[in-house]
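Novice: Generate a structure from the sequence data that follows.
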Amino acid sequence: MDAAVATENFSLMFERVFNVSRQTVYEAWTKKEALTQWFAPTKEMSTIMHQMELKVGGEYCVEMLEPDGTSHTTRGEYVVLNPFEQIAFTWKWESDEMKIDSLVTIDLIEEGDSTKMILTHDRLGSQHSVDLHNEGWTGCLQQLGLFIEA
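Specialist: Residues are numbered from 1 along each chain as shown. Next up is the predicted model:
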């Protein structure tokens, strides 16, 4: 691997404001039943939570299925679970040949009756990975908004 690429911190960040409480947003990320309803880039995809140990050091495994049966599985470990304020977890695609453990951090900030959510995905391996994750997270966050504001 090129040393310059290995030391780059490829990352992306999203800010969204939802017209719901921090607790509602937090629970959408931390309840297995909720995640299966929205955690995929498109509404045509389905989500299976194979594992979800909701504790620091606990592991998760989520599979996203496309309508044609194509499967995308990611797994990782919870690093931070600060109720209603912050969630952080490692993220590794099973199909990633580079086996990079990236890091997803979700910060929840109360803004009156709304919640500002800042999602940061750090330690991605390349600009191509940033571009793919940008597309995926954009879709996921649209699905999250539809789910929690319904």
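Novice: I'd like to know how many residues surround the closest residue in space to Tyr60 that isn't next to it in sequence.
Specialist: Ranked by Cβ to Cβ, 6 or more residues apart in numbering and with sequence neighbours excluded, the top spatial neighbour of Tyr60 is Met52, at 4.9 Å. For the C-beta atoms, the positions are set from N, CA and C on the backbone; glycine is no exception. When neighbours are defined as other Cβ atoms under 10 Å, Met52 has 15 of them.
Novice: Same check on Ser129?
Specialist: Using other Cβ under 10 Å, Ser129 has 19 neighbouring residues.
Novice: Does it touch Ser11 like I think?
Specialist: No: Ser129 is beyond contact range of Ser11, at 10.1 Å (criterion: Cβ atoms under 8 Å).
Novice: Report pLDDT for the nearest residue to Pro41 once chain neighbours are set aside.
Specialist: Leaving aside its sequence neighbours, Pro41 sits nearest to Gly139 (Cβ to Cβ, 6+ apart; 3.0 Å). As predicted, Gly139 sits at a pLDDT of 96.
Novice: How about residues contacting the host helix or strand of Gly139?
Specialist: Counting by DSSP states H and E, the element that carries Gly139 is helix 127-148. Under the contact criterion Cβ atoms under 8 Å, 6 or more residues apart in numbering, helix 127-148 has outside partners 10-12, 14, 16, 18, 20, 24-25, 28, 34, 37-43, 100, 102, 119, 121, 124.
Novice: Now it - C-alpha only, CSV.
Specialist: Only the C-alpha atoms of helix 127-148 are listed here, as CSV (Å, rounded to 0.1, in the frame of the first residue of the first chain):
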residue,chain,number,x,y,z
GLN,A,127,-11.2,8.9,-2.0
HIS,A,128,-13.1,6.2,-3.8
SER,A,129,-14.3,4.8,-0.5
VAL,A,130,-15.4,8.3,0.6
ASP,A,131,-17.4,8.7,-2.6
LEU,A,132,-19.1,5.3,-2.1
HIS,A,133,-19.9,6.0,1.6
ASN,A,134,-21.1,9.5,0.7
GLU,A,135,-23.7,7.9,-1.6
GLY,A,136,-24.7,5.2,0.9
TRP,A,137,-24.9,7.5,4.0
THR,A,138,-27.0,10.1,2.0
GLY,A,139,-29.5,7.4,1.2
CYS,A,140,-29.5,6.0,4.8
LEU,A,141,-30.0,9.4,6.3
GLN,A,142,-32.9,10.0,4.0
GLN,A,143,-34.5,6.7,5.1
LEU,A,144,-33.8,7.6,8.8
GLY,A,145,-35.6,11.0,8.3
LEU,A,146,-38.6,9.2,6.8
PHE,A,147,-38.7,6.7,9.6
ILE,A,148,-38.4,9.0,12.6
